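A.B. asks: This is a predicted model, with the sequence first.
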Protein chains: 2
Amino acid sequence: MRIGIVGFGGVGRAFLNLIYNKKNKLESEGIYFQVNYIIGRTGGVYNKHGIDLHKFINFLFDEKDITKYCDGGKAEDINFELMLNNKDIDLMVEMTPTNKETGEPGMTHITRCLENNINVVTSNKGPILLAYHKLYNLAKANKVQLGIGCTTGGALPSINGGFIDLAGADIISIEGVLNGTTNFILKEMEDTGCNYDDALKEAQRLGIAETNPALDVEGFDTASKLLILTNVLMNTEKTMDDIFIEGITKLTPHDINRAKSMNKKYKLVGKTQILDNKIEMEVKLQLLDPSNPLYGVEGKNKAVRYISDTLGELTIMGGASGVTPAAASILRDIININRGYKFVK
Amino acid sequence: MRIGIVGFGGVGRAFLNLIYNKKNKLESEGIYFQVNYIIGRTGGVYNKHGIDLHKFINFLFDEKDITKYCDGGKAEDINFELMLNNKDIDLMVEMTPTNKETGEPGMTHITRCLENNINVVTSNKGPILLAYHKLYNLAKANKVQLGIGCTTGGALPSINGGFIDLAGADIISIEGVLNGTTNFILKEMEDTGCNYDDALKEAQRLGIAETNPALDVEGFDTASKLLILTNVLMNTEKTMDDIFIEGITKLTPHDINRAKSMNKKYKLVGKTQILDNKIEMEVKLQLLDPSNPLYGVEGKNKAVRYISDTLGELTIMGGASGVTPAAASILRDIININRGYKFVK
């Protein structure tokens, strides 16, 4: 399988290590990776017979700038356009950073690859958030596959759960605890009795929350994952504007104590449900009791819970954080596509 | 897709209702079922152009004996051999009762269909327990698929979880709470403070436990599901003799109270793990604390928890009980095979 990697940060590096380390396992099921392109922001590496991964991974030990790696052509000439023109890949792994307003540059990369009959697996939430159905139909028209498992919780197989494990059932509701940063802050408030601001500071000190934590703590990250799950699994074309979104910033130690006294816990839950034949979506703090399968989702854990007509309830919990699990979720989609699975029917 | 149903009990009836009620949904993804055979113990129904499901389902409202349904040929002449000879099905749904000693009659049905290039989806644990690898290789040699998702928890997508959701990862351990009857008895003892015998009697009164409850309460049902998961997902050929099996019959109210005082719960857990490069398997009562994702698995719920190298932990919980969810898990395998998935590579 000839692949091109577009966007090469931490997950990209982890992905290369993964397919290098798992070579024997992958070959045992008939996957022979040949990485023809690795394209970063300022240039790339290309070898039409496949980049020597052993050599390239060793190079990365001492050097971050991939344009300094020499494998024939000049690094600055190796870009997405060249890759498209050369027509020598079967699958693009798109891992450029997410832009939730325009989806770019991922939107262009994915669109043009699908148009050119190249399969795509991506970790990039932006294009999927903004144009899932357009991209799905493009993939369908061009008879290629589009793997997006990494975009809704990384290692957590949330899309697979709804799409494969509930195949044939109708999904009535989707609920998810999908954001690790807010899990951490809530747990910190529970464990130490501190207020929201102090818990946030601790999360920032540990590198769990970003300097500008709004995306996480105000519920937008949860909402964007819920939006993708809903559009993919309920065949709708909702946007962020359709979601009522409330974060965790107003929670007080008093609220937490009251919850504790009732043996309950607060979780930031994204929820889609069908009420009176209408799809309703919201992200807000929910007070859960121990019988709720989402009650125990803490720390880096994430979970999604589906209720369906014929297969009942299904809760999927787990999904390690970090670059290797994210890379492994990209690899999972590639393997399942290679095993013949039609995510795009 | 031309199918033959062999073994026609409650799940078979539910399966027919399901594909009849979901006709539009199934056709929207290109599945046009044509049920050519329904074969019970004493005879069957056959129509080479497909049995009229509307008519047949109506017939079943008043009548249990399918041999009284007239659709051309004599019911007693319609049997498995005829179906094989006619060569007019693409997939057999095998739903005869489980026999864990010989696997028969399912073993013969599955073997002969695979040999004759007919795909198989089955709910029958017996043959899978006794000869999974033999049947897998037979399917592979004959380029057909073998769907066994229903055999390890019915609606709970335990096989999918390990096979599809952890594709590319190595599974290090498998833990499962896989038996509803023991869940009920443990919960009854916790809730009422009664002893084991009284909890069992209550379960029998409600029809949850069988008159001879040994298979469930002594851990054999859990062990058989664990065995299938282990052989399928860890590529081994273990037998029941390789499992240390202990049931729940010796648990006392005193044990339960002690667990409660530590804020813990007993669950009957089947566990496979790799210790010193050796696969160790056991079924026994485990004392779980609330941080364990299996802690909350109660009543009819089931769950399986995998730990993997690159995708971390994955817990899958749910799986409604009853004939419709079991039938829906058969349908799920058929849909996923139709979407191109190669369970047999």
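C.D. replies: Sure thing, it's come through. Being a predicted model, the structure only gives us computed values, none of them experimental. Numbering: from 1, shown residues only, chains lettered A, B, ... in the order given.
A.B. asks: Tell me how far the residue nearest the centre of chain A lies from chain B.
C.D. replies: In chain A, the C-alpha closest to the average C-alpha coordinate belongs to A:T151, at a distance of 2.1 Å (CA atoms, centre = their mean). Separation of A:T151 from chain B (CB to the nearest CB, to the nearest Å): 15 Å. Bear in mind the C-beta positions are built from the backbone N, C-alpha and C, glycine included.
A.B. asks: Skipping adjacent residues, who's closest to that residue in space?
C.D. replies: A:K125 (4.6 Å; CB to CB, 6 or more residues apart in numbering or on different chains).
A.B. asks: Spit out the contact partners of that neighbour.
C.D. replies: A:T98, A:K100, A:T151, A:T152, A:S224, A:K225, A:I228 (CB atoms under 8 Å, 6 or more residues apart in numbering or on different chains).
A.B. asks: residues in contact with the helix or strand hosting A:V45?
C.D. replies: In this assignment (DSSP states H and E), A:V45 forms part of strand A:44-46. With contacts defined as CB under 8 Å, 6+ apart, strand A:44-46 is touched by A:36-39, A:51, A:56, A:66-67, A:69, A:71-73, A:75, A:78-79, A:82-83.
A.B. asks: and the residues you listed, which are buried?
C.D. replies: The neighbour count (16 or more other CB atoms under 10 Å in any protein chain shown) marks A:36-39, A:51, A:56, A:66-67, A:69, A:71, A:75, A:78-79, A:83 as buried among the contacts of strand A:44-46.
A.B. asks: out of these, which are inside strands?
C.D. replies: Mapping those onto strands (DSSP state E) picks out A:N36, A:Y37, A:I38, A:I39.
A.B. asks: List just the nearest of those to A:D62.
C.D. replies: Closest approach to A:D62 among those (CB to CB): A:I38, at 16.6 Å.
A.B. asks: The closest one and chain B: what is the separation?
C.D. replies: 20 Å.
A.B. asks: Residues of the stretch 151-300 of chain A that sit close to chain B?
C.D. replies: Residues of the stretch 151-300 of chain A found near chain B (CB under 8 Å from any CB of the partner chain) are A:155-157, A:160-161, A:164-170, A:290-291, A:293, A:295-296, A:298.
A.B. asks: okay, the buried ones among the contacts of strand A:44-46 in a markdown table with pLDDT and distance to B:L129 next?
C.D. replies: Formatted as a markdown table, those follow (pLDDT from 0 to 100; distance: CB to CB, whole Å):
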| residue | pLDDT | distance to B:L129 |
| --- | --- | --- |
| A:N36 | 97 | 45 |
| A:Y37 | 97 | 47 |
| A:I38 | 97 | 47 |
| A:I39 | 97 | 50 |
| A:I51 | 97 | 46 |
| A:F56 | 97 | 46 |
| A:I66 | 94 | 51 |
| A:T67 | 92 | 56 |
| A:Y69 | 93 | 52 |
| A:D71 | 84 | 52 |
| A:A75 | 89 | 57 |
| A:I78 | 94 | 54 |
| A:N79 | 95 | 55 |
| A:M83 | 97 | 49 |
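A.B. asks: Out of these, list just those in helices.
C.D. replies: Judged by DSSP state H, those include A:F56, A:M83 as members of helices.
A.B. asks: what's the most distant pair in the buried ones among the contacts of strand A:44-46?
C.D. replies: A:F56 and A:N79 (18.0 Å).
A.B. asks: hey, what's the residue nearest to A:N47 when sequence neighbours are not counted bridged with?
C.D. replies: Among residues not flanking A:N47 along the chain, A:D71 sits closest, at 4.9 Å (CB to CB, 6+ apart). Judged by DSSP bridges, the bridge partners of A:D71 are A:G73.
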